[in-house]
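> Just need the structure, nothing else, for what follows:
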Amino acid sequence: MSIKSNALAFWKYFLKNQKEIETALESQDKDKIKLWNDKLGDECLKVAGCYLSIEREDDFNLLTFEPMRDKTSQIICVYLKKFAPKALVDSWIIFDCIPPLCDKINHYRFNIDEKDYTINDIEIGFIETPKVKDSFSVSLVCEAFENMNDNEKDIIGETYVQNVLGDLVLNSYVEKIECSPVKKDFVKYVPMAEGYDEIIDFMELHNYKPYSDCTQIYTVYKLDEENTSDEILDDRILISTIHPMNFIEVMNNERRSLNQITRLQGEVGFLVLSIDEFNESVAEQKRVLEKELNDLLYELGIARVTGSGIAPKRVYFEMFIFDKEEFKKAVVKVVSKLNLPITYLAY
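Here you go, the predicted structure:
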């Protein structure tokens, strides 16, 4: 088994039951919609480690994967969308994460001191964080926050921001969410329901870098050279990755996130290129090779380059592997064709 085969099985299951699912949505049969949400959610949990939701909106059937902030699930949900069957893509709208302006947020309510509050009781403002490029803080204002503890405010704040701004904005740009009963000075507030339109204008005004999904966001680490060694992986002095948790675990010899990937039948590893020294020529070779590897392996549904590392005598390509057996076969062919000193290290 592999993530690739599990993904194929998921879509096969969906297609097998597609007509029944669509009938439930078209008739707005709440019991059957819940039943299919549960059944499909259980299948999604097996392949991606997260749940999903189905709904019908404006005569369109929507399938939304819900990886939340779990980077492993985000990578697999993007993969699931990428390799969704054409028959489904032609008749459904598929989201690899929670999109903005989710209709269900209009039905959410929370009760404080025997009073119900909804999206209409909340205002939202945005504060640029110049120390962190392309990021901002969210300020939510509602009288109910006066009588809520920090944990309650965190849950309400993230729920509303996630469903109004969408997971892509939340994961890509939001530095923090603050909930208060009073407004901050010098911050423009608008009704929560207008928050998405406001933040799009805000991001365009400040020239924020656009992303098409949550897995395009790279975190860069520059390590202290005095703490490195000549040992493989321990010699890296600059690291770029879309999965920071994996980097932290590799550095600390931990495996919580990595074990999750293993449970889902995937693997994280490194293609290691030996070099004489890192210079401008090697940097260009790294850039070209990284793209070539990703284009080849990802289009085949085998693996994806999720980061890279630079060391004095090595270049690393971090791989998220969807099918270990096919990857091993492909690597042998790729290395032979490139005729470069490349080896693979499974972590």
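
> rest of the way, CA atoms for contacts and neighbours
Will do.

> Do I have it right that Tyr189 meets Glu123?
Yes: counting by Cα atoms under 8 Å, Tyr189 touches Glu123, with 6.0 Å between them.

> Return the helix or strand in the chain with minimum mean pLDDT.
helix 244-252 (a mean of 83; mean pLDDT, DSSP states H and E).

> quick one: contacts of that helix?
Outside of helix 244-252, the residues within contact range by Cα atoms under 8 Å, 6 or more residues apart in numbering are Thr219, Asp234, Thr241, Arg255, Arg256, Ser257, Leu258.

> The nearest residue to Glu128 once chain neighbours are set aside pairs with what?
In this structure, Glu128 finds its nearest non-sequential neighbour in Phe136, 4.3 Å apart by Cα to Cα, 6 or more residues apart in numbering. Following DSSP bridges, Phe136 is listed with bridge partners Glu128, Val174.

> Tell me how far Phe136 lies from Glu175.
As judged by Cα to Cα, to the nearest Å, Phe136 and Glu175 stand 6 Å apart.

> pLDDT below threshold where in the chain?
For the chain, the stretches with pLDDT under 70 are 131-132.

> now the helices for it?
3-16, 18-26, 30-48, 71-82, 86-89, 150-165, 167-173, 195-205, 244-252, 256-263, 280-299, 324-338 (DSSP state H).

> Mind listing what's buried along the last one?
Translated: helix 324-338. Lys324, Glu326, Phe327, Ala330, Val331, Val334 (16 or more other Cα atoms under 10 Å).

> State the distance from Leu300 to Phe65.
Distance from Leu300 to Phe65, by Cα to Cα: 22 Å.

> These two: which is more packed in?
Phe65 (27 against 15; other Cα atoms under 10 Å).

> show me what contacts the closest residue to that one other than its chain neighbours?
In space, and not counting its chain neighbours, Phe65 is closest to Leu52: 4.3 Å by Cα to Cα, 6+ apart. The neighbours of Leu52, taking Cα under 8 Å, 6+ apart as the test, are Asn37, Leu40, Gly41, Cys44, Leu63, Thr64, Phe65, Glu66.

> Neighbour-wise, which one of the residues you listed leads?
Of the contacts of Leu52, with other Cα under 10 Å as the count, Phe65 tops at 27 neighbours.

> hmm, what's the outermost residue in this protein?
Glu114 (36.9 Å; Cα atoms, centre = their mean).

> Asn147 versus that one, what's the distance?
Distance from Glu114 to Asn147, by Cα to Cα: 12 Å.

> again, but for Lys291
Distance from Lys291 to Asn147, by Cα to Cα: 52 Å.

> if we can go back for a sec, tabulate the helices of the chain (TSV), appending distance to Asp103.
Formatted as TSV, those follow (distance: least, Cα to Cα, whole Å):
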stretch	distance to Asp103
helix 3-16	23
helix 18-26	15
helix 30-48	16
helix 71-82	21
helix 86-89	21
helix 150-165	8
helix 167-173	14
helix 195-205	13
helix 244-252	32
helix 256-263	31
helix 280-299	33
helix 324-338	39
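
> Can you tell me which of these is nearest to Ile119?
helix 150-165 (7.6 Å; Cα to Cα).

> tilt between the closest one and helix 195-205?
In terms of direction (axes from the mean of the first three to the mean of the last three Cα atoms, to 10 degrees), helix 150-165 departs from helix 195-205 by 80 degrees.

> which strands and helices sit next to helix 150-165?
strand 174-180, helix 195-205 (3 or more Cα pairs under 8 Å, 6 or more residues apart in numbering; DSSP states H and E).

> buried stuff in the last one?
Put plainly, it is helix 195-205. Those would be Gly195, Tyr196, Glu198, Ile199, Phe202, Met203, for helix 195-205 by 16+ other Cα under 10 Å.

> one step back: narrow the contacts of helix 244-252 to those that are buried.
For these, buried by 16+ other Cα under 10 Å: Thr241, Arg255, Ser257, Leu258.

> farthest pair in the residues you listed?
Thr241 and Arg255 (16.8 Å).

> what is Ser274 paired to in the beta sheet?
Bridge pairing for Ser274 - DSSP bridges - gives Arg314.

> show me the contacts for it.
So Ser274 contacts Lys313, Arg314, Val315, Pro341, Ile342 (Cα under 8 Å, 6+ apart).
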